[in-house]
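S.K.: starting from these lines, generate the structure:
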Amino acid sequence: MNNFNPGGYINQGHYKSFLPTVLNRQWQITDMELIGLLSQADRELGRLDMYSEYIPNIDLFIHMHTVKEATQSSRIEGTQTNIEEVFLDKQDVTSSKDDWQEVQNYIQAMNQAIAKLKQLPISSRLIRDTHAILLQGVRGRHKLPGEFRSSQNWIGGASISDAKFIPPHPGEIGRLMSDWETFCHDQTYFVPDLIKVALLHYQFETIHPFLDGNGRIGRLLITLYLVERGLLKRPVLYLSDFFERNRTLYYDNLGAVSNKGDLKQWLKFFLVGVLETSRASINTFDNILKLQAEVDAKLQTLGSRTANALKIVEYLYTKPIINAAKVVDVTQVTSPTAYTLLHELENLGILHEVSGAKRKRVYVFKDYLSLF
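M.R.: Prediction:
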């Protein structure tokens, strides 16, 4: 990897496109710093995977992790929707409804892709199916959802003549994605899984096989790979928050591979992301368990209303924003009783009213939401 040749630029007439070297070949890692980081990242990822097995009702919290991933991955691409708005109905969103819909699409795309892994391996077919969901009904809906591009795209710049980076010519997409898919599943050449998924992410972003949505699909594929390979039994690690907080480094390190052949720095950055995110996720689960214990203790003071309050709180673990109409739906109580329950949960400090309205008030499970 110290002598990595990333590929080169190919003259296409009035511009030059980058053609990356293929992935499916023998790799050798000799850098001890990189090996040390790999060992730490593997260890923390294993801890997270083990930890997730002991969390009661883990699916409730996985949904919140997915929402956070969708919000942060979309934010990297310029959307402004925050995590609180994701849980609102579309008509109640005060910022961009297009941004809101893009985040909703990402959540749906991630959930369906993970579900499909049970029957379909990571492949061009799975990637295209996921991409079609990502772009349905949003700004990229005219940019061939579910299809690899058949025209040249570029990154940065108002036109191709002043582009910051020009991905491979569309005629190369089929060959490059075939190599990408082969490397993803190949067992002939051993590559540690965290190194392999870092290489897969770099290569996917370099190929840029779609006209839109490449960044989001590429980041989503990281989690899919970890689940498919069995490094995670459940999808509990998402790197977009790390990438978003270090956005400049993220793009600079990806660019340095193709521009300078500096693969080591990208791999170090990626492994640090896995290491830090695994630790942060374990800490989040710890805090969830503590919060659950505190909330359950408070609910026991409600007497006959405890059972319905428990139903509300279980709902709040998947969607931490609620109103009286939803309480009626969740508990099957009358509207006056729903308002009484909300008032009780507010008095206990579990819910906080955020709308300021006299009618149709909106309440947030703030302590839980803040963990994400």
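S.K.: helix or strand right after the longest helix along the chain?
M.R.: Under DSSP state H, the helix in the chain containing the largest number of residues is helix 263-299. Sequence-wise, the next helix or strand downstream of helix 263-299 (DSSP states H and E) is helix 306-316.
S.K.: which secondary structure elements does that next one sit against?
M.R.: Helix 306-316 sits against helix 263-299, strand 321-322, helix 324-331, helix 335-347, with contacts defined as 3 or more C-beta pairs under 8 Å, 6 or more residues apart in numbering; DSSP states H and E. (Each C-beta comes from the backbone N, C-alpha and C, glycine too.)
S.K.: which residues of this structure score low on pLDDT?
M.R.: The chain contains residues with pLDDT under 70 at 1-2.
S.K.: now the closest residue to residue 331 other than its chain neighbours: how far from residue 324?
M.R.: Among residues not flanking residue 331 along the chain, residue 308 sits closest, at 4.4 Å (C-beta to C-beta, 6 or more residues apart in numbering). Counting by C-beta to C-beta, to the nearest Å, the gap from residue 308 to residue 324 is 13 Å.
S.K.: same check on residue 368?
M.R.: 19 Å.
S.K.: repeat that for residue 279.
M.R.: From residue 279 to residue 324 the distance is 39 Å (C-beta to C-beta).
S.K.: so what are the domain limits for the chain?
M.R.: 7-284, 289-369 (automatic domain parsing).
S.K.: what is the longest helix of the chain packed up against?
M.R.: helix 32-53, helix 58-76, helix 193-207, helix 240-245, helix 247-260, helix 306-316, helix 366-369.
S.K.: thinking again about what came up before, which one's more surrounded, residue 279 and residue 324?
M.R.: Counted by other C-beta atoms under 10 Å, residue 279 and residue 324 do not tie: residue 324 has more neighbours, with 21 against 14.
S.K.: was I right about that one contacting residue 342?
M.R.: Yes. Under the criterion of C-beta atoms under 8 Å, residue 324 makes contact with residue 342 at 6.2 Å.
S.K.: can you list residues touching both of those two?
M.R.: residue 361 (C-beta atoms under 8 Å, 6 or more residues apart in numbering).
S.K.: tell me how many other residues crowd residue 358.
M.R.: There are 6 residues near residue 358, going by other C-beta under 10 Å.
S.K.: can you pull the phi/psi pair for it?
M.R.: phi -80, psi -30 (degrees, to the nearest 10).
S.K.: begin at 43 from here
M.R.: I'll keep to 43 as the first residue from here, and by that count the last item is residue 400.
S.K.: quick one: it from residue 136, how far?
M.R.: Distance from residue 400 to residue 136, by C-beta to C-beta: 19 Å.
S.K.: from residue 115, how far off is the nearest residue to residue 139 once chain neighbours are set aside?
M.R.: Counting by C-beta to C-beta, 6+ apart, residue 139 lies nearest to residue 132, which is 5.9 Å off, once chain neighbours are set aside. According to C-beta to C-beta, residue 132 and residue 115 sit 20 Å apart.
S.K.: looking at those two, which is more packed in?
M.R.: residue 115 (26 against 10).
S.K.: OK, contacts around the more buried one?
M.R.: If you count contacts by C-beta under 8 Å, 6+ apart, residue 115 has them with 148, 257-258, 261-262, 280, 282, 285-286.
S.K.: just residue 310 next, same as before
M.R.: Counting by C-beta under 8 Å, 6+ apart, residue 310 has contacts 75-76, 79.
S.K.: can I have the buried ones of these as a PyMOL selection?
M.R.: A single PyMOL command selects the buried members of the contacts of residue 310 (16 or more other C-beta atoms under 10 Å):
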select buried, resi 76+79
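S.K.: tell me the one of the contacts of residue 310 nearest residue 209?
M.R.: residue 76 (26.6 Å; C-beta to C-beta).
S.K.: for the closest one, what are its contacts?
M.R.: 43, 306, 309-310, 313.
S.K.: out of the residues you listed, grab the one that's most surrounded.
M.R.: residue 309 (23 neighbours).
S.K.: any idea how far the closest residue to it other than its chain neighbours lies from residue 45?
M.R.: Residue nearest to residue 309 in three dimensions, not counting chain neighbours: residue 240, with 5.3 Å by C-beta to C-beta, 6+ apart. Distance of residue 240 to residue 45, computed by C-beta to C-beta: 18 Å.
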